[in-house]
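Trainee: Sharing a model prediction with you, sequence too.
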Amino acid sequence: MTWSILFLLLVAVTIYGTQEICYNCDVFKENQLQITKPMEAMLKANANYDMELEEIISGYSEPVGSNTMYELYFHARTPENTTVFCETTFYYMPQQQNFEVNFMICHDVPQK
């Protein structure tokens, strides 16, 4: 009896213990997030190279004090007409009307 309970507990921790928990956030899928011109300019300014935003794949926003933290996954197009996949985390600070980028990583989309 004890071993079966321990096994079930191990399975539960393995399945649920590795997932992120977002208690007070808004989740975005497939272009549900409206990208404003200032947000697009910030994304372009922080990219490794010039790019045009194509689509938001997914992401979420979460309030952090008076600011909002965003984590986004999106596709962008480079001047060479190549599609790249990007991930970024940034804060929007409404009192300063400003963005602060934690990181942005872009790389080629794997070919099938």
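Mentor: Looks like it arrived, so ask away.

Trainee: going forward, measure contacts between C-alpha atoms and count neighbours the same way
Mentor: Fine.

Trainee: Mind picking out the helix or strand in this protein with the poorest mean pLDDT?
Mentor: The element with the least model confidence among the helices and strands of the chain, by mean pLDDT, DSSP states H and E, is helix 2-16, at a mean of 41.

Trainee: which residues does T89 contact?
Mentor: Residues in contact with T89, defined by C-alpha atoms under 8 Å, 6 or more residues apart in numbering, are 69-72, 101-104.

Trainee: Next, it: phi, psi?
Mentor: When quoted as degrees, to the nearest 10, the phi and psi of T89 stand at phi -130, psi 130.

Trainee: beta partners of it?
Mentor: Counting by DSSP bridges, T89 is bridged to E71, F103.

Trainee: Same question for the one 4 residues further on.
Mentor: According to DSSP bridges, the partner residues bridging M93 are N98.

Trainee: the strands in this protein, which residues?
Mentor: 26-29, 52-64, 67-77, 83-93, 98-108 (DSSP state E).

Trainee: mind checking which of those is nearest I35?
Mentor: Shortest separation from I35 across these is recorded for strand 52-64, at 8.8 Å, computed as C-alpha to C-alpha.

Trainee: Can you list the strands that that closest one pairs with?
Mentor: Sheet pairing for strand 52-64, assigned by DSSP bridges, gives strand 26-29 (antiparallel), strand 67-77 (antiparallel).

Trainee: List the buried residues of the longest one.
Mentor: When burial is assessed from 16 or more other C-alpha atoms under 10 Å, strand 67-77 yields the following buried residues: 68-77.

Trainee: again with the shortest one
Mentor: Neighbour-count burial for strand 26-29, counted by 16+ other C-alpha under 10 Å, picks out 27-28.

Trainee: for stretch 47-57, same thing?
Mentor: Taking 16+ other C-alpha under 10 Å as the basis for neighbour counts, the residues of stretch 47-57 that come out buried are 47, 51-53, 55-57.
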